[in-house]
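fold the stuff below for me.
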Amino acid sequence: MTGTPTAFTAGDYEARMRRAAEAATAAGLDGLLVAPGPDLVWLTGYRPVETERLTLLVLRAGQDPVLVVPTLEAPDAAAAAPTLTLRDWTDGKDPYEATASLVDAGGRFGVSDNGWALHLLGLQKRLPDSRYVALTDALPMLRAVKDAAELERLAAAGEAADATYEEIRKVPFGGRRETDVAADIADLLRQFGHSQVDFTIVASGPNGANPHHEAGDRVIERGDMVVLDFGGLKHGYGSDTSRTVHVGEPDAEEREVHDVVRAAQEAGVAAVRPGAACQDVDRAARAVVAEAGYGDRFIHRTGHGIGVTTHEPPYMIEGEEQPLVPGMCFSVEPGIYLPGRFGVRIEDIVTVTEEGGWRLNTTSREMAIVD
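Numbering: from 1, shown residues only. Prediction:
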């Protein structure tokens, strides 16, 4: 995919806000309170600076959305979200007074997960009988099902991550620090169109046994297994892919572990189909790892949703019975981690279609040999 996708329209955002407000009512809520962060971006297209000053979108079914915003940020808010009604407040005034009349004194509201405790406690103090629930608990699938325009953006981000992997395989690994390779990955992600790089995991040798290892000063050696996991945002939507490469020829055990993870990843993707539960994907991947004798070395969930952030619902984990529906996008990323030795992880972003799972990452999952 090339070019820039068509921008979302005011009508697109209005439809999302209306759908969210209706979903809140169906969930027994009196409305939603949305702070700056991914939910606000998805609902309105507005991405304000996140500071101690209160910014809050109030959504209620049958009422116009209202954005409470600091006066000094009102011009930017009006330009980014021209259909919103703004209620501004100035420094030195009580922002919760500006909000209180929009919220029922005894109402129950969903609050976006990344809202500041400072603001929620301030609102509770103003309205002590009001009640609040985390948005992920109340409406976990609010952003989970992507429309065609969102899938286009996710596919573009996936293609850019794939292009990055193909190029990073060509650079020297041995004798360089993990941070050097991580910097190369970040540069490539930007070169292929990412506006934001969120993470560049380069975990060599024993560091690979830590799933979230931060690239450090360890010098990569010949004979190392190296876990690569990277992603960010392109056109506002996320990429996230993992491959495990080897510096020079691997030994038999390293090949075996990599083959097990690759088979587990294939099984997880094969389990993706409409009507299956999220936990079915986890079970399918985990069964392969357990059968090979490494069950206690697969120490994280099999996957997470992705969209305007790289981690969001749904989650592929035991106990999550949410059924898969077409348009959901999530990672499938089993791993095996052997402390003090090495780790292996393979990850693709997969979207649910009527026929099953469609990978948004298409690079080879065979072990790549690098210099």
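
now Glu354: closest residue in space, sequence neighbours ignored.
Counting by Cβ to Cβ, 6 or more residues apart in numbering, Glu354 lies nearest to Pro326, which is 5.6 Å off, once chain neighbours are set aside. Heads up, the C-betas are built off the backbone N, CA and C, glycines and all.

could you list every residue that touches the one you found?
Residues counted as contacts of Pro326 (Cβ atoms under 8 Å, 6 or more residues apart in numbering) are 145, 274, 352-354.

do that again at 6 Å, thanks
By Cβ atoms under 6 Å, 6 or more residues apart in numbering, the residues touching Pro326 are 274, 352-354.

pull up the per-residue confidence for it.
Per-residue pLDDT puts Pro326 at 98.

buried subset of the contacts of Pro326?
Val352 (16 or more other Cβ atoms under 10 Å).

for the contacts of Pro326, give me JSON lines that also has pLDDT and distance to Gly31.
Shown next, in JSON lines, are these (pLDDT from 0 to 100; distance: Cβ to Cβ, whole Å):
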{"residue": "Pro274", "pLDDT": "98", "distance to Gly31": "31"}
{"residue": "Val352", "pLDDT": "98", "distance to Gly31": "30"}
{"residue": "Thr353", "pLDDT": "98", "distance to Gly31": "34"}
{"residue": "Glu354", "pLDDT": "97", "distance to Gly31": "34"}
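
I'd like to know which of the contacts of Pro326 is nearest to Ala134.
Among these, Val352 lies closest to Ala134 (Cβ to Cβ), at 24.8 Å.

partners of the closest one in the sheet?
Beta-bridge pairing for Val352 (DSSP bridges): Gly357.

i'd like the first residue to be 51 from this point on
Okay, residue one is now 51; in that scheme the one you just asked about reads as Val402.

grab the CA positions of stretch 179-198 and hand them over as CSV.
Output in CSV follows, covering the C-alpha atoms of stretch 179-198 (Å, rounded to 0.1, in the frame of the first residue of the first chain):
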residue,chain,number,x,y,z
ASP,A,179,-22.6,10.8,45.0
SER,A,180,-21.4,10.2,41.5
ARG,A,181,-19.9,6.8,40.6
TYR,A,182,-17.3,5.8,38.0
VAL,A,183,-16.1,2.7,36.2
ALA,A,184,-13.1,2.2,34.0
LEU,A,185,-13.9,2.3,30.3
THR,A,186,-12.1,-0.9,29.5
ASP,A,187,-14.3,-2.7,32.1
ALA,A,188,-17.5,-1.1,31.0
LEU,A,189,-17.0,-1.0,27.2
PRO,A,190,-14.0,-3.2,26.5
MET,A,191,-14.9,-3.6,22.8
LEU,A,192,-15.5,0.1,22.1
ARG,A,193,-12.5,0.4,19.7
ALA,A,194,-12.0,-3.3,19.0
VAL,A,195,-13.8,-3.7,15.7
LYS,A,196,-12.1,-1.7,13.0
ASP,A,197,-13.9,-0.3,9.9
ALA,A,198,-12.4,-0.5,6.4
